[in-house]
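In: Got a predicted structure here, sequence first:
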Amino acid sequence: MQLEATELTEAEMALQMEVREYLQQRLPAGTYEVGLGMAANNDVEFSKDLGAKGWLGMALPKEYGGGGRTAVERLIVVEELLAVGAPIGFHWVGDRQSGPSIAKHGTEEQKQAFLPGIASGELGFAIGMSEPDSGSDLASLRSRAEKIDGGWRINGTKIWTSGAYQATTILGLFRTSEHKHEGLTQFIIDRNVEGLTISPIPFIDGTRHFCELSFEDVFIPDERRLGEVGGGWAQNTGELVLERGGVDRWMSLMPILEWWAASDAVKNSPGAQADLGAIAARSWAFRGMNLAVARMVDDGKSPVTEAALIKEMATRFEQESLDTVARHYGRAPDLNSDDPHESLLARAILVSPSWSIRGGTNEILRTVIAKGLGK
Ligand SMILES: Cc1cc2nc3c(=O)[nH]c(=O)nc-3n(C[C@H](O)[C@H](O)[C@H](O)COP(=O)(O)OP(=O)(O)OC[C@H]3O[C@@H](n4cnc5c(N)ncnc54)[C@H](O)[C@@H]3O)c2cc1C
């Protein structure tokens, strides 16, 4: 475990101001539906506008339309987007993990085919890992890709695939042999491919981002296999570092916290002020940890244990902060309230249990951390 304290440079702080000012103009309060972190609304036009600003695919290579910038610079942009609950749903997965994974493991043809679209906000990705009987024990997955002439035939079911309904592309993990870990391979799959049925599963708050994917004799050409046959497990583990170590793990609640901090309920209550102080101090600590992880990524390291540690601690922090705000609110907030903040608070209460499940449950992360610390 090696988290070293670090601060933003002047150039990085200038980028932060630029993004902040842009968002004030592009997303004035009241003109968009504020979201809860990465599970926010999809707005393809907004994603494209961010792409045009050079704020998607920032760390992807320039020759494929990316920004050739650092993980810290991406963190700065993402942090500002999450702070205002921006509609980032469409580009989120591609920008965070599928893009970097294709840049690392893809063929020349795959990089040319997908990276420019990720950087411009035109391609939206979803992650097809989990299956009805394979969540935590992902390596037990059974959906199969069978080698046939010119490609692969895929059969099976994926579940809990966030954003698949609106995505253009699925990056899926499939069994290509009986070896538990070495028998898994990733494929880049067009959302409209014949034989793939995508069915939304209504989430507890009424949204329909969550999907079940049914593959029936789906043909995938070999050119859409990502990386080596049998290399999928290691590739997927690398993606999970990107999925777990980011600021998205403790910023879902930011728009609610900002609203609450400025409310009379806090101004008039020393108890609420003390609670707000504790939340602010913990947020600042998580921010320092995330920044340290981003610097490690920029140094070419793969901070698996550090990312798991942040996710375990930060998602608990999000849930505890929500409990605090809800307690001070004093009554059950109404999901259908005319007050968008009350409605958002009600939504957060409904969906917050999922924060410590998606991307790996806390029980599993504790095992990852324990093993990592023992090394
Ligand atoms: C909001 C949300 C979005 C998601 N998005 C995606 C997505 O886009 N793509 C995708 O592929 N998946 C996605 N998932 C699925 C998610 O990754 C799985 O739900 C998660 O990995 C847990 O798997 P499971 O649901 O099968 O639970 P299980 O593995 O059945 O676990 C049930 C409980 O048992 C515990 N448990 C299991 N094994 C152990 C063990 N060995 N030791 C101790 N405790 C254990 C777990 O911690 C958990 O508390 C999403 C889930 C949610 C909630």
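Out: Perfect, thanks for sending it.

In: Tally up the residues packed near Ala11, please.
Out: 9 (other C-beta atoms under 10 Å). Just so you know, the C-beta spots here come from the backbone N, C-alpha and C atoms, and that holds for glycine as well.

In: Quick check: pLDDT value at it.
Out: pLDDT recorded at Ala11 is 97.

In: What strand or helix carries Val218?
Out: strand 211-221 (DSSP states H and E).

In: CA atoms of that strand as CSV?
Out: The C-alpha trace of strand 211-221 is given here as CSV (Å, rounded to 0.1, in the frame of the first residue of the first chain):
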residue,chain,number,x,y,z
CYS,A,211,-30.6,-4.5,-18.1
GLU,A,212,-30.6,-8.2,-18.8
LEU,A,213,-28.8,-9.2,-22.0
SER,A,214,-29.8,-12.5,-23.7
PHE,A,215,-27.4,-13.8,-26.4
GLU,A,216,-28.8,-16.4,-28.8
ASP,A,217,-26.3,-17.7,-31.4
VAL,A,218,-24.8,-14.2,-31.7
PHE,A,219,-22.0,-14.1,-34.3
ILE,A,220,-19.0,-12.0,-33.4
PRO,A,221,-16.2,-11.8,-35.9
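
In: What residues of it count as buried?
Out: For strand 211-221, burial by neighbour count (16 or more other C-beta atoms under 10 Å) applies to 211-215, 218, 220.

In: Scan the protein for its longest helix.
Out: helix 270-298 (DSSP state H).

In: average pLDDT across that helix?
Out: On average, the pLDDT along helix 270-298 is 95.

In: Over to stretch 187-202?
Out: The model assigns stretch 187-202 a mean pLDDT of 97.

In: For that stretch, measure first residue to last.
Out: 26 Å (C-alpha to C-alpha, to the nearest Å).

In: ok, now stretch 25-43?
Out: 16 Å.

In: Now look at that stretch and say if it contacts the ligand.
Out: No - counting by C-beta under 6 Å from any ligand atom, the ligand has no neighbours in stretch 25-43; the shortest distance is 6.8 Å.

In: Any chance you could list what contacts that stretch?
Out: Residues outside stretch 25-43 that contact it (C-beta atoms under 8 Å, 6 or more residues apart in numbering): 46, 49, 82, 84-90, 92, 96, 124, 162-163, 166, 207, 209, 248, 251-256, 340, 344, 347-348, 351.
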